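Chemist: Need coordinates for the following:
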Amino acid sequence: MLPLEEKTMSAIDVPVAETGSTSKPEYLHSWRLAIVITSLFLGQLLMALDVNIINVAIPEISTHFAALNDVAWYGAAYLLTITAFQPSFGTVYCYFDIDVTYKVCIIIFEVGSVLCAAASSSEMFIVGRAIAGFGAAGVLQGALAVIGSVVELEKRPLYMGIVVSVFAVTVCVGPILGGVFTQRSTWRWCFWINLPIGGVVLALLFGFLSVPGARNENRTLPLKKKLQHLDPFGCLTFVSAVTCLLLALQWGGQTKPWESATIIGLLVGFVALISVFCYIQWRKKEEATIPIRVLFKRSIWTSALGLFCLGAVIYMLAFYIPFYFQTVRGETPISVGVRFIPLMLPQILALLVAGAIASQYGYYVPYIVLGEIICVVGLAMLTHLSPTTTTAMWAASLVITGVGMGTAMQLPYTAIQITLSEEDVPIGNAIAVFSNQLGGAIGVAMGQTIVLNTLVTEVPKAIPSLTGRLVMAAGATDLQRIAGSPAGELILRAIWNKAMVRTLYLSVAFASSAIPFALGMEWLNAKKVAEQRKAAVGTVKEKVGDQNDDSPTE
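Modeler: Residues are numbered from 1 along each chain as shown. Below is the predicted model:
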């Protein structure tokens, strides 16, 4: 594939905020930029920690409320709102002040956390999870929007890498904290901990974050006009469609059979509602939640599909690798976090290095492709895991996978910043974040189906007195008890290992599928695009100046 510098001017829009003003865009530098990036990092820490800390605490929470039937909703309520409202927040960031919207999202997330921490019933806890998910839906988008407004275009890959790296940190730290709080104090601290972190974030944001140069024609419209552009019917239709899909994925094969009327009805409802949503977007054109012209830009839909595949891989690793260490190898929940370090640390370093290199040389597509290839190699090595795999083998596999994921996972967001104008970037971010979240939800759901089918098929063959569902419900904690003997326990661990390996085969397929989408992206150079935009802004200023000089004076 040849570089496309000669096409960049036709593929790139000059931001309205820059062309509509004779003032130079005001980017942050030095200590002020460092403080803003730190606050964004901590803001993402809230959301990422919440996702990873709760898995360990869910059994204790369901026991406390004596509501085993509500367990599925503890995760689903959060997942539904954080995924379904992504496009809506993309529109909100287009028409309302970025810094104000971001602060409001943090506050909403904090309110949801307080409700969860202080919950007196299972229903109150579920409502808190839904509210926290709604706030979190705007947190990542807000961070990307802030970086796009306060950091120069050619330097954004580095700072996006710093902010996104928090997700790798929490994969390791989250389960450890969740285990410590649950075992030695109370599960409520899994949510109370968000208050001091959120307080620091809000203090830094109110003290130092003011997004300069973010005013454009959209954000200066009257409130009535802004509300009209939010496309409420389209948003409602989309949220309903995603709700149907995610509920089908959460319940299918778990609490309800895939062939049940409920699951089939949810899938049919998803197809019908998403068709209505697409029709609404086509009719509303520029006033749509997701304008077709934005979605059909080559780098946007390829980035979205690539992030969908990578999201599936990331969530599957975070969800199923702990099962390998706990259920197959018999590790404790706290030690699992330590075992994640070979995945986490290389991923963080690769994120920062890839972002720095892309900022230095401008190109980003080669590193996305390279990272995805490395990730496939690491995942292929992980498919050879067994109960007796040596530490050197599984650690090396995790290191290679982490390097690949870190290299590839954040650079597609750079493509959005380069391809779209400033006023369209929030919509592009919404498409990207939604695709990543949806990929994770679908990947985990498919993995659950694979695990359950493996256990249901293999367990009765090996131990006729047990069922696959009973073994899955027992998990790591009661495996020894239900096995009945050391030999039976070894058999069950081997079956669990087979289930884990099959999910890893699925992750290899997802990672491999991301490569063609990366190759299909426009081969642009961030440094050259930034220079072209600056030149275009200078030309506009000269024209404005000439018009002012030629205008008659009284």
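Chemist: longest helix anywhere in this protein?
Modeler: Counting by DSSP state H, the longest helix found in the chain is helix 425-462.
Chemist: give the contact list for Leu144.
Modeler: 160, 163, 413, 425, 429, 433 (C-beta atoms under 8 Å, 6 or more residues apart in numbering). Where you see a C-beta, it was placed from the backbone N, CA and C, and this is true even at glycine.
Chemist: about what we covered before: distance between the longest helix of the chain and the chain's centre?
Modeler: 13 Å (C-alpha atoms, centre = their mean, to the nearest Å).
Chemist: go on, stretch 76-87?
Modeler: With C-alpha atoms, centre = their mean, you get 11 Å for stretch 76-87.
Chemist: likewise stretch 179-193?
Modeler: Stretch 179-193 sits 24 Å away from the centroid of its parent chain (C-alpha atoms, centre = their mean).
Chemist: Now do the buried residues in it.
Modeler: Residues 179-182, 187-193 are the ones in stretch 179-193 that count as buried (16 or more other C-beta atoms under 10 Å).
Chemist: got it, and stretch 514-525?
Modeler: For stretch 514-525, by 16+ other C-beta under 10 Å, it's 514-515, 517-518, 520-525.
Chemist: Make CSV from these and add distance to Ala499 to it.
Modeler: Shown next, in CSV, are the buried residues of stretch 514-525 (distance: C-beta to C-beta, whole Å):
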residue, distance to Ala499
Ala514, 24
Ile515, 26
Phe517, 29
Ala518, 30
Gly520, 34
Met521, 35
Glu522, 40
Trp523, 40
Leu524, 42
Asn525, 45
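Chemist: Tell me the one of those nearest Ala145?
Modeler: The nearest member of the buried residues of stretch 514-525 to Ala145, counting by C-beta to C-beta, is Leu524 at 20.4 Å.
Chemist: Look up phi and psi at the closest one.
Modeler: With angles defined as degrees, to the nearest 10, Leu524 sits at phi -100, psi 160.
Chemist: Repeat that for Thr389.
Modeler: According to degrees, to the nearest 10, Thr389 has phi -60, psi 140.
Chemist: residues in contact with it?
Modeler: Thr389 neighbours (C-beta under 8 Å, 6+ apart): none.
Chemist: Next one: it from Leu398, what distance?
Modeler: 11 Å (C-beta to C-beta, to the nearest Å).
Chemist: just to revisit the earlier point, go through the buried residues of stretch 514-525 and name the one nearest Arg32.
Modeler: After measuring the buried residues of stretch 514-525 against Arg32 - C-beta to C-beta - the closest member comes out as Asn525, at 27.9 Å.
Chemist: and the closest one, what pLDDT?
Modeler: What the model reports for Asn525 is a pLDDT of 82.
Chemist: my guess is it meets Ser359, correct?
Modeler: No: applying C-beta atoms under 8 Å, one finds Asn525 not in contact with Ser359, separated by 11.5 Å.
Chemist: For the longest helix of the chain, list every residue counted as buried.
Modeler: For helix 425-462, by 16+ other C-beta under 10 Å, it's 425-452, 454-455, 458-459.
Chemist: by contact count, what packs against whichever helix or strand comes after it?
Modeler: Beyond helix 425-462 in the direction of the C-terminus, DSSP states H and E gives the next helix or strand as helix 468-474. Helix 468-474 sits against helix 425-462, helix 479-483, helix 486-519, with contacts defined as 3 or more C-beta pairs under 8 Å, 6 or more residues apart in numbering; DSSP states H and E.
Chemist: Where does the prediction get shaky in the stretch 401-550 of the chain?
Modeler: Applying pLDDT under 70 to the stretch 401-550 of the chain flags the ranges 473-478, 534, 536-550.
Chemist: Next: the stretch 51-200 of the chain.
Modeler: In the stretch 51-200 of the chain, residues with pLDDT under 70: 55-56, 59, 67-72, 171-172.
Chemist: In it, what residue spans correspond to helices?
Modeler: Assigned by DSSP state H, counting those that start in this stretch, the stretch 51-200 of the chain shows helices spanning 71-84, 86-95, 98-117, 122-150, 156-164, 166-184, 189-192, 194-208.
Chemist: Ok, the stretch 301-450 of the chain next?
Modeler: Using DSSP H, counting those that start in this stretch, the helices of the stretch 301-450 of the chain run over 333-339, 341-361, 365-382, 391-408, 411-419, 425-462.
Chemist: Could you dump those helices into TSV and include distance to Leu46?
Modeler: Shown next, in TSV, are the helices of the stretch 301-450 of the chain (distance: least, C-beta to C-beta, whole Å):
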stretch	distance to Leu46
helix 333-339	19
helix 341-361	18
helix 365-382	27
helix 391-408	21
helix 411-419	19
helix 425-462	16
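Chemist: Give the burial count for Tyr279, as a bare number.
Modeler: Residues within reach of Tyr279, counting by other C-beta atoms under 10 Å, total 12.
Chemist: again, but for the one 5 residues further on
Modeler: If you count neighbours by other C-beta under 10 Å, Lys284 ends up with 17.
Chemist: And what about it, helix, strand or coil?
Modeler: Under DSSP: H, G, I helix; E, B strand; the rest coil, Lys284 falls in the helix class.
Chemist: That one contacts Asp231, correct?
Modeler: Yes: assessed by C-beta under 8 Å, Lys284 is found in contact with Asp231 at 6.2 Å.
Chemist: Identify the contacts common to these two.
Modeler: Counting by C-beta under 8 Å, 6+ apart, nothing touches both Lys284 and Asp231.
Chemist: pLDDT score assigned to Phe270?
Modeler: Looking at Phe270, its pLDDT stands at 92.
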